[in-house]
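In: Here's a sequence, model it:
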Amino acid sequence: MSIALRREADWPALVALWVESWSDAYPAIDFSLRRDWLVRHLSELEARGAVTLCLFEAPDDLLGFVTINPATGWLDQICVARSHIGNGAGAALMAAAREASPQGIRLDVNADNARAIGFYERQGFTSAGPGPDSMSGRPTLVMEWRALQPQSR
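Out: Numbering: from 1, shown residues only. From the prediction side, this is the model:
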């Protein structure tokens with residue numbers, strides 16, 4: 001597996017993976033209708049300094065991606081292909097996010113998404129309180145990870 005910055009050629013696979021991932025989490029919502037929103041949203045984030053890091057098994061086999069702003073530590077999106085959940089792809093993406101933002105990471109997650117919350121907790125994130133309103137109207141939580149500071153003697 002290898003990590004690389006998103007390329008223009010990655011858009012179709014990235015969007016398809018995002019729709020698959022969110023549709024698995026919330027089957028009652030038609031995420032295919034939000035494809036154009038995702039492209040605009042990630043493009044706007046990248047224009048403001050965020051990076052979208054893609055995890056590939058082979059040059060054109062996208063396993064997942066993460067979008068994070070290294071300057072602010074805000075992680076906006078992380079998605080893993082259905083076929084690779086539980087096999088280390090999410091941890092590899094989170095490691096790439098930590099490398100991009102070693103001072104710390106903050107994100108919001110839907111409060112009813114127990115699988116995602118469990119993943120973040122296993123990755124060392126803790127709850128920092130209620131989050132902003134989501135597009136779906138679901139309550140969210142802000143979670144954060146802070147690098148361990150060396151203790152002074």
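In: Give me the helices and strands touching the longest helix anywhere in the chain, please.
Out: For the chain, the helix reaching the highest residue count under DSSP state H is reported as helix 11-25. Applying 3 or more CB pairs under 8 Å, 6 or more residues apart in numbering; DSSP states H and E, we find helix 11-25 packed against helix 35-47, strand 61-69, strand 74-80. Where you see a C-beta, it was placed from the backbone N, CA and C, and this is true even at glycine.
In: In this structure residue 132 contacts residue 107, no?
Out: No: Residue 132 lies out of contact with residue 107 (CB atoms under 8 Å); the separation is 11.4 Å.
In: Now for the residue found closest to residue 19 once you drop the neighbours it is linked to in the chain: which residues touch it?
Out: Counting by CB to CB, 6 or more residues apart in numbering, residue 19 lies nearest to residue 31, which is 4.7 Å off, once chain neighbours are set aside. By CB atoms under 8 Å, 6 or more residues apart in numbering, the contact list for residue 31 reads 18, 19, 22, 23.
In: Kind regards, and thank you for your time.
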